[in-house]
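Q: Sequence and predicted structure are below.
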Amino acid sequence: MLRIKRESMNLRLLIILIAIFTCGCKKDVQHTIPDCIQEKVIIHSSSDVCDEPGKVALWIFHDEFVYVFYQGDCLIDAIAQVYNESCELIGSIGGWLGNELNGDDFYQIGEFQKYIYP
């Protein structure tokens with residue numbers, strides 16, 4: 001009887017540990033998009049160069065939220081413009097420019113959060 005209780009306790013402990021370690025998944029970022037970025041998204045969505053819309057993504061770069069406006073996949077050397085929360089263009093990445101922004105590789109330093117468009 002004692003052995004059955006011990007095995008039951010071990011099983012419960014194992015289930016709890018699995019739940020703890022698997023629930024450490026990336027959580028959805030709750031972030032309010034500034035009005036000026038929302039306006040830029042509207043303009044961006046109406047000026048799509050490719051048949052499919054260019055995406056807009058929320059990233060964290062150097063501990064700040066930034067917005068990356070991708071032009072679409074139909075362009076080989078397309079660049080993406082990166083804006084801060086004050087809607088200031090802080091640089092461009094991609095294409096022949098490479099992925100360096102403020103002296104750092106954007107994709108190595110930055111942390112993708114989610115797409116906000118489409």
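A: That came through, no problem.
Q: alpha carbons only for contacts and neighbour counts from here, please
A: Will do.
Q: Give me the buried positions along stretch 79-92.
A: 79-84, 87, 92 (16 or more other Cα atoms under 10 Å).
Q: Following element in sequence after the helix or strand bottoming out on mean pLDDT in the chain, please.
A: Sorted by mean pLDDT, DSSP states H and E, the helices and strands of the chain end with helix 2-22, the least confident at a mean of 48. Counting by DSSP states H and E, the next helix or strand C-terminal to helix 2-22 is helix 35-46.
Q: Only the buried residues of that following helix, if you could.
A: Neighbour-count burial for helix 35-46 [16+ other Cα under 10 Å]: 37, 41, 44-45.
Q: Ok, stretch 53-71 next?
A: 53-61, 65-71.
Q: Next, check those against the helices and list the overlap.
A: Residues of the buried residues of stretch 53-71 located in helices (DSSP state H): none.
Q: In those, find the pair that's most separated.
A: The largest separation in the buried residues of stretch 53-71, counting by Cα to Cα, is between P53 and F61 at 23.9 Å.
Q: low pLDDT regions in the protein?
A: Low-confidence segments of the chain, defined by pLDDT under 70: 1-29.
Q: one step back: show me the two of the buried residues of stretch 79-92 that sit farthest apart.
A: Between any two of the buried residues of stretch 79-92 (Cα to Cα), the greatest distance is 17.5 Å, for I79 and C87.
Q: I'd like the distance between G103 and Q81.
A: To Q81, G103 is 16 Å away according to Cα to Cα, to the nearest Å.
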